[in-house]
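Engineer: Test case, fold it:
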Amino acid sequence: MPQRYEDYDRVAIVTGADSGIGKACAVALAEAGYDVGITWYGDADGAERTATEVRTAGRRCEVAEVDLRRLPDAAAVVDDLADRLGGLGVLVNNAGTGLSEPFVDVTWEQWREVLAVDLDGPFLCSQRAARRMRAAGRGGRIISITSVHERAPRVGLSAYCAAKGGLGMLTRAMAQELAADGITVNAVAPGEIATPMTGQEDVDPFTEERPGVPVGRPGDAREVAAVVAMLASPAAAYVTGVSWPVDGGMLLMGPQASDLPSDSWRTVRAGQ
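Structural biologist: Residues are numbered from 1 along each chain as shown. Coordinates of the predicted model:
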């Protein structure tokens, strides 16, 4: 029989929240009324800045350093943070890494590092989160940050595309299996977002031009976080197994379109 799952813990864990999209997600969830656990790697100061913003929003914040290459043990951070915060209602798998290298030159070690952080880590963290949510019996939300490259390849990103494509399919498989427990599972697929990962740490995306993207600019991390916060909310209880692009229309054009030098594609020509 259908059941209502409306009382899941207002506690969220966001991996890789020391900067960029992860930081924006942590702050957005805090502003939506969640206590937040965050993980970081390589930027302790960034993690503390995120924690300060969460606490400024009036919510508790717990912080943990984790290296998702050190699996499976690293995934225990989910249980650690949940124990420290007194529950778990939302997991955001955001931590990720990338590699820009021709396919034939990618080493086994590079391949495994990208797959470990971008696919193995979310798999193991989601398992731990789902087990806790199922045991609590109040439902929950699992949201993974994939990429437009979950769907569309780009030259030089073979390992990244494989990992994000796998995470997209894992999202759909988890959604099928966990729905009866009131646990929804979705993905958010960003396009080019102005973050440290894209070399745009201090860039105002509204000042940058991207002629090949319909919206004409990169995205802001807060625009991704807004969709994550929506999917994390009780109002999204009937949304599961879906990947939500936040890409300014990039997928309408193809990821290589971000390198188009002009707006000439916008013109309708006779005979087309």
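Engineer: okay, CA-based contacts and neighbour counts for the rest of this
Structural biologist: Fine.
Engineer: Is Tyr145 in contact with Ala187, as I believe?
Structural biologist: Small correction: residue 145 is Ile, not Tyr. Yes - applying C-alpha atoms under 8 Å, one finds Ile145 in contact with Ala187, separated by 5.7 Å.
Engineer: Check which helices and strands the lengthiest helix in the chain sits against.
Structural biologist: Scanning the chain for the helix with the most residues, using DSSP state H, yields helix 158-178. With contacts taken as 3 or more C-alpha pairs under 8 Å, 6 or more residues apart in numbering; DSSP states H and E, helix 158-178 sits against helix 108-115, helix 121-136, strand 183-190.
Engineer: helix or strand right after the second one?
Structural biologist: Which is helix 121-136. Using DSSP states H and E, the next helix or strand after helix 121-136 towards the C-terminus is strand 140-145.
Engineer: got it, and the last one?
Structural biologist: Once strand 183-190 ends, the next helix or strand along the chain (criterion: DSSP H and E) is helix 221-232.
Engineer: contacting residues around that next one?
Structural biologist: Helix 221-232 is contacted from outside by 20-21, 24-25, 28-29, 32, 90, 141-143, 186, 188, 190, 193-195, 236, 239, 246, using C-alpha atoms under 8 Å, 6 or more residues apart in numbering.
Engineer: Those residues, buried ones only, as a ChimeraX selection?
Structural biologist: Buried subset of those, written as a ChimeraX selection, criterion 16 or more other C-alpha atoms under 10 Å:
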select :20,21,24,25,28,29,32,90,141,142,143,186,188,190,193,194,195,246
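Engineer: Which residues outside the longest helix of the chain are in contact with it?
Structural biologist: With C-alpha under 8 Å, 6+ apart, helix 158-178 has contacts from 97-99, 101-103, 111, 114-115, 118-119, 122-123, 130, 144, 146-147, 149-154, 183-187, 240-243.
Engineer: The same query, at a cut-off of 6 Å, please.
Structural biologist: Helix 158-178 is touched from outside by 98, 103, 111, 115, 118-119, 146, 149-150, 184-185, 240-241, with contacts defined as C-alpha atoms under 6 Å, 6 or more residues apart in numbering.
Engineer: Considering those, which is situated nearest to Tyr5?
Structural biologist: Nearest to Tyr5 among the contacts of helix 158-178, counting by C-alpha to C-alpha, is Thr184 at 10.5 Å.
Engineer: which regions of this protein sit below the pLDDT cut-off?
Structural biologist: 1-2, 196-202, 255, 268-272 (pLDDT under 70).
Engineer: if you set the cut-off to 50 instead, what comes out?
Structural biologist: The chain contains residues with pLDDT under 50 at 1, 272.
Engineer: OK, contacts around the residue at minimal distance from the centre of it?
Structural biologist: What sits nearest the mean C-alpha location of the chain, by C-alpha atoms, centre = their mean, is Ile145, with 2.1 Å. Counting by C-alpha under 6 Å, 6+ apart, Ile145 touches 94, 187-189.
Engineer: By neighbours, which of those residues wins?
Structural biologist: Ala187 (29 neighbours; other C-alpha atoms under 10 Å).
Engineer: is that one in a bridge, and if so with what?
Structural biologist: Counting by DSSP bridges, Ala187 is bridged to Ser144, Ser243.
Engineer: wait, it sits on Ile142?
Structural biologist: No - taking contacts as C-alpha atoms under 6 Å, Ala187 lies outside contact range of Ile142: 8.4 Å.
Engineer: Now do the residue nearest to the centre of the chain against Ala189, distance only.
Structural biologist: 6 Å (C-alpha to C-alpha, to the nearest Å).
Engineer: and what of Asp263?
Structural biologist: Look at Asp263 and Ala189: by C-alpha to C-alpha, they are 24 Å apart.
Engineer: Please, where are all the helices along the stretch 1-150 of the chain?
Structural biologist: Taking DSSP state H, counting those that start in this stretch, the helices of the stretch 1-150 of the chain run over residues 20-31, 44-56, 77-85, 108-115, 121-136.
Engineer: Just say which of the ones you listed is most tucked in.
Structural biologist: helix 20-31 (a mean of 26; mean count of other C-alpha atoms under 10 Å).
Engineer: other SSEs contacting that one?
Structural biologist: Here helix 20-31 touches helix 44-56, helix 221-232, going by 3 or more C-alpha pairs under 6 Å, 6 or more residues apart in numbering; DSSP states H and E.
Engineer: Sweet, I'm off.
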